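Novice: pasting the structure only:
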């Protein structure tokens, strides 16, 4: 009966933590000998140093996320691609099963198992940097995008930014404002230029190509640009031009079209 009661208590502690609990939390409810016995019997498994979960649940993505937060302690937050996934960014082409965590510099945890620990440039996490997302502390969407940019290869990072902005998760102007503070960001200039193109209304690499090669070409008279706001007219014109290529024609005798240059 005692064992059954203690097993029930362990279950209550784990449920209170949505499936995970620290060793300290568990030992506040049951003796150390019983906790170690539950691990030996295979009822509980060690997910991370001093963090436990039910056996068979250790590979579940949500358990790994909550375990990483418990491991890092108070003040930690999801960051980089882990935060991006929490914000539902389009990352289907990005393979990164690690859980990225941002902690204050005063916290001395090191990366362990599947957890990658990052620390901010300052001593503490900046005010307003961390918010709650589905019950988990996470960096803001714009910072998640910038952090994701910093660790992805060039082949993937541009697509992630374009798709994220197009889906409405982040505004280009917010990216521009945030990158002003990231002077050491790898690829900062490229990200700012990309954000400017997206702010002008481009929604794909093809439209960005149109912006630079057609409507921003040297010597192009201002009147050649389509009507609209300064940002809308360049991107809208690029989409129209790239979607509907025109063949130069003129009307021949009898009102029939004739290709330019024919006799």
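Specialist: Yes, it's here. As the structure is a prediction and not an experimental result, all values here were calculated from the model.
Novice: by mean pLDDT, flag the weakest helix or strand of this protein.
Specialist: Confidence across the helices and strands of the chain bottoms out at strand 249-251, with a mean of 40, counting by mean pLDDT, DSSP states H and E.
Novice: if you drop the residues flanking it in sequence, what lies closest to residue 174?
Specialist: Spatial nearest neighbour of residue 174, excluding adjacent residues (C-beta to C-beta, 6 or more residues apart in numbering): residue 142 at 4.6 Å. All C-beta atoms are positioned from the backbone trio N, CA, C, and that covers glycine.
Novice: which residues of this structure fall in strands?
Specialist: Using DSSP state E, the strands found in the chain span residues 20-22, 44-48, 51-54, 77-78, 99-102, 115-118, 130-133, 136-139, 249-251, 257-259.
Novice: residues in contact with the residue lying closest to residue 132 once chain neighbours are set aside?
Specialist: Across the structure, with C-beta to C-beta, 6+ apart as the measure, the residue nearest residue 132 apart from its sequence neighbours is residue 138 (7.3 Å). Taking C-beta atoms under 8 Å, 6 or more residues apart in numbering as the definition of contact, the neighbours of residue 138 are 77-79, 83, 86-87, 130-132, 144.
Novice: swap in 6 Å and give it another go.
Specialist: Under the criterion of C-beta atoms under 6 Å, 6 or more residues apart in numbering, the neighbours of residue 138 are 77-78, 83, 86.
Novice: hmm, back to that, residues near the residue nearest to residue 174, how many?
Specialist: Counted with other C-beta atoms under 10 Å, the burial measure for residue 142 works out to 20 neighbours.
Novice: surely it meets residue 178?
Specialist: Yes: when contacts are counted by C-beta atoms under 6 Å, residue 142 is listed as touching residue 178 (5.0 Å).
Novice: so, low pLDDT: which residues of this structure?
Specialist: 1-3, 105-106, 121-126, 215-263 (pLDDT under 70).
Novice: where along it do the helices fall?
Specialist: Per DSSP state H, the chain has helices spanning 2-16, 23-27, 32-40, 61-72, 80-86, 141-151, 154-166, 172-179, 188-199, 205-213, 230-243. These are given in chain order.
Novice: so can I have CSV of the ones you listed showing distance to residue 110?
Specialist: Conversion of the helices of the chain to CSV gives the following (distance: least, C-beta to C-beta, whole Å):
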stretch, distance to residue 110
helix 2-16, 25
helix 23-27, 17
helix 32-40, 23
helix 61-72, 11
helix 80-86, 17
helix 141-151, 18
helix 154-166, 26
helix 172-179, 28
helix 188-199, 28
helix 205-213, 39
helix 230-243, 45
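Novice: show the end-to-end separation of stretch 168-182, please.
Specialist: 23 Å (C-alpha to C-alpha, to the nearest Å).
Novice: for stretch 90-99, same thing?
Specialist: End-to-end distance of stretch 90-99 (C-alpha to C-alpha): 17 Å.
Novice: contacts for that stretch next, please.
Specialist: Residues from elsewhere that reach stretch 90-99, judged by C-beta under 6 Å, 6+ apart: 64-65, 68, 81-82, 84-85, 114-116, 156, 163.
Novice: what's the local residue count around residue 51?
Specialist: Residues within reach of residue 51, counting by other C-beta under 10 Å, total 25.
Novice: list the contacts of it.
Specialist: Neighbours of residue 51 in contact, by C-beta under 6 Å, 6+ apart: 22, 67, 70-71.
Novice: so which of these is the most crowded?
Specialist: With neighbours taken as other C-beta under 10 Å, the top of the contacts of residue 51 is residue 67, carrying 29 neighbours.
Novice: using a markdown table, lay out the contacts of residue 51 together with distance to residue 33.
Specialist: Below are the contacts of residue 51 laid out as a markdown table (distance: C-beta to C-beta, whole Å):
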| residue | distance to residue 33 |
| --- | --- |
| 22 | 18 |
| 67 | 24 |
| 70 | 23 |
| 71 | 24 |
